[in-house]
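Undergrad: Prediction below, plus the sequence it came from.
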Amino acid sequence: MINLEHVQHVTHQLRHSVPAIESMQLLTVDGLALHRNDTGHDEDKLSALSALLYSAAQRLADFMDEDSPKGMIICIGPSAYVIARMGDELVLGLQVPADLGHPQFLQSVCNFINQHDHTFSMIH
């Protein structure tokens, strides 16, 4: 079971530490939207792009005989769309300016997530 309150707190901390985040979407790995933190951008577009990117990242990982992907970046126009896994059950979708669409940004997001990874699930 997902500790949604803690996950939302972590996403809020991430947004505070990276003010350039334009939009944020939290999804299950199945594509169900759980939480939006948006500043006026099209929420449905980010949700759909995040689910699409996660699906593409999974297919690429399968093709390369790798485990589940940690994340993926795609730059389109003035924006970069970034996805990152949060534990086994969640995917974080971010919209940032295109100049942040590079592997170092994705790695810093993944590092931030990994610092909090052990607290995403509730223990029964």
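TA: Nice, thanks for sending it over. Numbers count the residues shown, from 1 in each chain.
Undergrad: Contacts only, for residue 55.
TA: By Cβ atoms under 8 Å, 6 or more residues apart in numbering, the contact list for residue 55 reads residue 31. Using the backbone N, CA and C atoms, a C-beta is placed for each residue, glycine as well.
Undergrad: can you point me to the longest helix in this protein?
TA: In terms of residue count, the longest helix belonging to the chain (DSSP state H) is helix 43-63.
Undergrad: how about that helix: buried residues?
TA: By 16 or more other Cβ atoms under 10 Å, the buried positions in helix 43-63 come out as 46-47, 49-51, 53-54, 57.
Undergrad: Give me the next element, helix or strand, following it.
TA: Remark: after helix 43-63, the chain's next helix or strand is strand 71-76, criterion DSSP states H and E.
Undergrad: returning to that earlier point: can I get the longest helix of the chain as CSV, trimmed to CA atoms?
TA: Taking Å, rounded to 0.1, in the frame of the first residue of the first chain, the C-alpha atoms of helix 43-63 are listed here in CSV:
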residue,chain,number,x,y,z
GLU,A,43,-2.5,18.5,-16.2
ASP,A,44,-4.0,15.9,-18.6
LYS,A,45,-1.1,16.5,-21.1
LEU,A,46,1.5,15.9,-18.4
SER,A,47,-0.3,12.8,-17.1
ALA,A,48,-0.6,11.3,-20.6
LEU,A,49,3.0,12.1,-21.5
SER,A,50,4.2,10.7,-18.2
ALA,A,51,2.3,7.4,-18.7
LEU,A,52,3.5,7.3,-22.3
LEU,A,53,7.2,7.9,-21.4
TYR,A,54,7.0,5.3,-18.6
SER,A,55,5.6,2.7,-21.1
ALA,A,56,8.3,3.6,-23.6
ALA,A,57,11.1,3.4,-20.9
GLN,A,58,9.8,-0.1,-19.9
ARG,A,59,9.9,-1.3,-23.5
LEU,A,60,13.4,0.1,-24.0
ALA,A,61,14.6,-1.6,-20.8
ASP,A,62,13.0,-4.9,-22.0
PHE,A,63,14.6,-4.5,-25.4
